[in-house]
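Chemist: Got a sequence here, can you model it:
(chains A and B)
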Amino acid sequence: MTLTQVLFESLESLNSNKLRSGLTILGIVIGVAAVIAMLAVGKGAQDTITGSISGIGTNVLFVFSGNQQVDIRNPRPLTIQDTEALQDPLTAPSVKAVAPILQSNFEVTGGGEKTNTEVTGVTPSYADVRNYLVTEGEFITNDQILGHASVALIGPETAVKLFGRSQGLVGESIRIAGQPFRITGVLESKGGGAMGSQDDRVLIPFSTAQSRLIRRNNPSRVDLIFVQAISADEVRRASDQVAQILRTRHRTEIGKDDFTIFSQQDFIQTASTITGVLTIFLGGIAAISLLVGGIGIMNIMLVSVAERTREIGLRKALGARRRDILIQFLTESSLLSFIGGIIGILFGWLIAFAVGKVAAATGNAFTPSVGISAILLATIFSTAVGLFFGIYPANRAAGLEPVEALRYE
Amino acid sequence: MSDHVIVADNLLKIYQMGDVEVQALRGLSCNIDRGEVVAIVGPSGSGKSTLMNILGCLDHPTSGDYYLDGEHVSELRDDQLANIRNRKVGFIFQSFNLLSRATALSNVELPLRYSGSNTGRKERARQALTDVGLSDRMTHRPTELSGGQQQRVAIARAIVNNPAIIMADEPTGNLDSKVGQEIMDLLLNLNKEIGTTLIIVTHDPKVAAQAQRTIRIKDGVVDTEGE
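Modeler: Numbers count the residues shown, from 1 in each chain, chains lettered A, B, ... in the order given. As a prediction, the model looks like this:
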C-alpha cells in the first residue's frame, strides 16, 4: 500500500471511533501542552533574567570581597584605596571607569509616606558604568561628593510610592533614616527585573553615605566595585588586570584570592544555568504527563487490536504481509499522537500566553516565549511517543496467525 | 501437472495442544484440476477446515508437499505465503468478513491495495462488482446491504485479483435457502465464465451436490472420492 492509502485508512479507522480517539488524543494534548507551556515559561524567565543582567550596563565587571571557590580566612575588604588603584591607566589600561558603592536598606520617608528601600552611595562614574540616566535634575556630581552633600536621586518606583508621581520632584525633600535629603534628580525607569526592581531605590553621594549613613568597621571600606572595560573585547583583559592589582595590594597567596571578579557574562551564564535547570525540571514533570498520554495510546491500541482481530485475519487472508499490518497500526498510533501534538502545541502556546498576561497584570514584565525548537521538540517527541507505545500493540497485531485471527469471535 | 491447479501430496498437520498431539491431517493427498468445481465435505473434527486452511495458504502443513498453480507453497515463508494468497486465492467466508466502515467498492479494492497494483484499481473493483450484479451498490456500506448482497461483495472481492482458486467456506451458511441458491448460481456461473477453480467447503449436501466432484474427509484423510 502507498503511504497515502495507509494514512487514509488510518484516519478512517480513527474516525470510526471518534470518542475513543478523541479521549486518547486528549491525553497527548495535555502532555504536549504542559511541556510547551513549561518550556515557554522557563524560556521567558531566562530571557527576563538575562535581560535584567544586561540592563546592569555593558562590559561590566563586579568585584567583591571573599571567594566562594577556595576557603579564605578573613578576606580583606575592598577599600577606596583599591578603587583608586584600579583607576591607574598604567596598571589597568583596559579599565575605562570604576564605580565603588556602599549599599544598605533604610526607611525612607517623604510626601507623608514611608517605605523601606535600598540606598546606595555612588560616585559620578556610576551613571556611565551602570548606564543610569535621569529624567529630570542631574546625576550626582563631583562637587556633591566633595561636599558630602545631602542630596538624593530617587528611583521612579520609590517616587511613586512616596509622592504618588515620578515627575516634578526636584527640590522636594525626603528623609533617609531620619536624616533630611534634597531630591536633585529622578532616575529613568529600567523596568522590573528578576534581581529585584531596579526602579525602587535611592542614590546618594558616596562620601555622604560613607560619613553619615552606612558606617562600616573599616571607614574606607566599599561593598562592591563596578569596573567597566573599554570594550567588550577587553573585558577579559580588564578582569586580569583588576585581579593582578588586587592580588598585589592584598598580598594574597597564589591561588588564594580573597576577592571575586564576576563578569556580566558570568552572571548571565550562572543565571542561564539556573533557569536551564528549572526549565528542564518543569519540562520533565510535564513530560511525565506526556508519558501517561503515551500509555493511554498503548492501552487503546491494544483494545483496538483485540477488537479488530478478525479484521486483521481477513487482511492477512487477502494478502497483507506482517509489515503491512505493522505499518497500519503504527500509523494509527502515530497519527493519534501527532494530532494530539499539534493541538497540544496550540494549547500550550495559549497557556503560555495566559501566563504572560497574568504576569503582566501582576506587574512582573515577563513574556513566556514559545520557541521553534520547543515546537519541533514537542512534535517529534509526541510522535515518537505514539510510535514507541504503538510498537507493542502493532507487533501483536502483525504477529497474529491468520487462521487463528479469522476464527476469533 | 499442467491441468492440476492443486497438487497435495501426503499432507500431515499436527497441532500441539498442551501435552497432547492432535493429528488433524494424516497423510492426505488430493489433486484438483484447473476450472473444476469441488466440494469438500466431512463431519466436524474430520480435518476439513485444516485442509482448507492449508489449500488456501493460510497455514503450513507439518510435512508433505503442496503445489498451488505450479508453486511449491509448503516451502514458502509467511510473507511469501501472503503474496500467494493475494495473487492466487480468493476467499469467501460464511460470515462475509467485510470491513463495516468501508464502502462496497473499497472492500473489493482491498486485495488490490496489498498487491501493490495502483493502476486501474478502482476500475477493476467496479468491474468485479458489476460481475456480481451490484453495479448500483458501489458506495453502500455493508450495514446498508442485505446478507445476499454482502456475500456478493465478498465474491467480487474474491475474484478481483483473478485468482487461480476460490476458496468458499460455507458460502451459503448464513443465508436462507433462496438467497443461498442465488449465491451458488452466481459462483457456478463465474466458474463457467472465467474458469476459476472453485473449492467449496460445506456441510450442506444440496450445495455439495452442485459440485462436479466431492472430496470426503474423514479422520484426516480422503475417505472416498466420487462424482
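Chemist: can I assume residue B:157 is in contact with residue B:110?
Modeler: Yes: between residue B:157 and residue B:110 there is a contact at 6.6 Å, judged by C-beta atoms under 8 Å. In this view, the C-beta of every residue, glycine as well, is placed from N, C-alpha and C.
Chemist: how close does residue A:298 get to residue A:403?
Modeler: According to C-beta to C-beta, to the nearest Å, residue A:298 and residue A:403 sit 27 Å apart.
Chemist: Please apply the same query to residue A:147.
Modeler: Taken as C-beta to C-beta, the span from residue A:147 to residue A:403 is 104 Å.
Chemist: Please apply the same query to residue B:51.
Modeler: Going from residue B:51 to residue A:403 by C-beta to C-beta gives 12 Å.
Chemist: between the two, who's got more neighbours?
Modeler: residue B:51 (27 against 18; other C-beta atoms under 10 Å in any protein chain shown).
Chemist: would the more buried one count as being in a helix?
Modeler: Yes: judged by DSSP: H, G, I helix; E, B strand; the rest coil, residue B:51 forms part of a helix.
Chemist: Tell me how many other residues surround the spatially closest residue to residue B:213 that is not a sequence neighbour.
Modeler: Spatially, and ignoring its direct neighbours in sequence, residue B:213 is nearest to residue B:38 (5.1 Å; C-beta to C-beta, 6 or more residues apart in numbering or on different chains). Other residues lying near residue B:38 total 22 when counted by other C-beta under 10 Å.
Chemist: Wait, residue A:181 touches residue A:172, no?
Modeler: No: counting by C-beta under 8 Å, residue A:181 stays clear of residue A:172, with 9.8 Å between them.
Chemist: Looking at chain B, what residue ends up closest to chain A?
Modeler: Residue nearest to chain A within chain B (C-beta to the nearest C-beta): residue B:86, separated by 2.3 Å.
Chemist: Chain B: helices as residue ranges?
Modeler: For chain B, helices defined by DSSP state H occupy the ranges B:48-55, B:78-88, B:104-115, B:121-131, B:147-159, B:177-194, B:205-209.
Chemist: How about the fifth one and chain A, any contact?
Modeler: Yes: applying C-beta under 8 Å from any C-beta of the partner chain, one finds helix B:147-159 in contact with chain A at residue B:157.
Chemist: and that helix, average pLDDT?
Modeler: Averaged over helix B:147-159, pLDDT sits at 94.
Chemist: And the pLDDT for residue 55?
Modeler: This is for chain A. 68.
Chemist: Correction: the question concerned chain B.
Modeler: 93.
Chemist: Residue A:1 too?
Modeler: 69.
Chemist: ditto for residue A:9
Modeler: 87.
Chemist: For the residue nearest the centre of chain B, give me its contacts.
Modeler: Taking C-alpha atoms, centre = their mean, the centroid of chain B lies closest to residue B:167, which sits 1.1 Å from it. By C-beta atoms under 8 Å, 6 or more residues apart in numbering or on different chains, the contact list for residue B:167 reads B:52, B:55-56, B:89-92, B:199, B:201.
Chemist: Quick check: residues of the stretch 201-350 of chain A near chain B?
Modeler: Residues of the stretch 201-350 of chain A lying close to chain B (C-beta under 8 Å from any C-beta) are A:310-311, A:314-324.
Chemist: Of these, which pair is most distant in space?
Modeler: Maximum pairwise distance in those, criterion C-beta to C-beta, is 20.1 Å, between A:310 and A:323.
Chemist: re earlier: compare neighbour counts for residue A:181 and residue A:172 and give me the winner.
Modeler: residue A:181 (25 against 17).
Chemist: And what about the more buried one, helix, strand or coil?
Modeler: Residue A:181 - assigned by three-state DSSP - is strand.
Chemist: Roughly how far does it sit from chain B?
Modeler: For residue A:181, the distance to chain B equals 82 Å [C-beta to the nearest C-beta, to the nearest Å].
Chemist: per-residue confidence at that residue?
Modeler: At residue A:181, the pLDDT value in this model is 93.
Chemist: how about it, what does it touch?
Modeler: Contacts of residue A:181 by C-beta under 8 Å, 6+ apart are A:150-152, A:173-175, A:202, A:204.
Chemist: The residue lying closest to it once chain neighbours are set aside: neighbouring residues, count only.
Modeler: Leaving aside its sequence neighbours, residue A:181 sits nearest to residue A:152 (C-beta to C-beta, 6+ apart; 4.1 Å). Neighbourhood size, residue A:152 [other C-beta under 10 Å]: 26.
Chemist: Find the centremost residue of chain A, please.
Modeler: Note: chain A centre (C-alpha atoms, centre = their mean) maps to residue A:46, 1.7 Å.
Chemist: Just say helix, strand or coil for that residue.
Modeler: Applying three-state DSSP: residue A:46 is helix.
Chemist: Skipping its backbone neighbours, what lies nearest it in space?
Modeler: Distances taken as C-beta to C-beta, 6+ apart place residue A:275 nearest to residue A:46, at 4.0 Å, with adjacent residues excluded.
Chemist: and if you look at residue B:216?
Modeler: Distances taken as C-beta to C-beta, 6+ apart put residue B:223 closest to residue B:216, at 4.1 Å, once the chain neighbours are dropped.
Chemist: Which members of the residues of the stretch 201-350 of chain A next to chain B are classed as buried?
Modeler: Neighbour-count burial (16 or more other C-beta atoms under 10 Å in any protein chain shown) is assigned, among those, to A:310-311, A:314-322, A:324.
Chemist: Redo those residues as JSON lines? Include distance to residue A:213.
Modeler: Shown next, in JSON lines, are those (distance: C-beta to C-beta, whole Å):
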{"residue": "A:310", "distance to residue A:213": "88"}
{"residue": "A:311", "distance to residue A:213": "84"}
{"residue": "A:314", "distance to residue A:213": "89"}
{"residue": "A:315", "distance to residue A:213": "86"}
{"residue": "A:316", "distance to residue A:213": "88"}
{"residue": "A:317", "distance to residue A:213": "93"}
{"residue": "A:318", "distance to residue A:213": "91"}
{"residue": "A:319", "distance to residue A:213": "91"}
{"residue": "A:320", "distance to residue A:213": "86"}
{"residue": "A:321", "distance to residue A:213": "86"}
{"residue": "A:322", "distance to residue A:213": "83"}
{"residue": "A:324", "distance to residue A:213": "83"}
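Chemist: Quick check: helices, which of those residues are part of them?
Modeler: Among those, the members found in helices (DSSP H) are A:310-311, A:314-317, A:322, A:324.
Chemist: residues in contact with the nearest residue to residue A:229 once chain neighbours are set aside?
Modeler: Closest residue to residue A:229 apart from its sequence neighbours, by C-beta to C-beta, 6+ apart: residue A:238 at 3.8 Å. Neighbouring residues of residue A:238 by C-beta under 8 Å, 6+ apart: A:59, A:61, A:92, A:94-95, A:227, A:229-230.
Chemist: between the residues of the stretch 201-350 of chain A next to chain B, which is closest to chain B?
Modeler: Among these, and counting by C-beta to the nearest C-beta, the member closest to chain B is residue A:319, at 2.3 Å.
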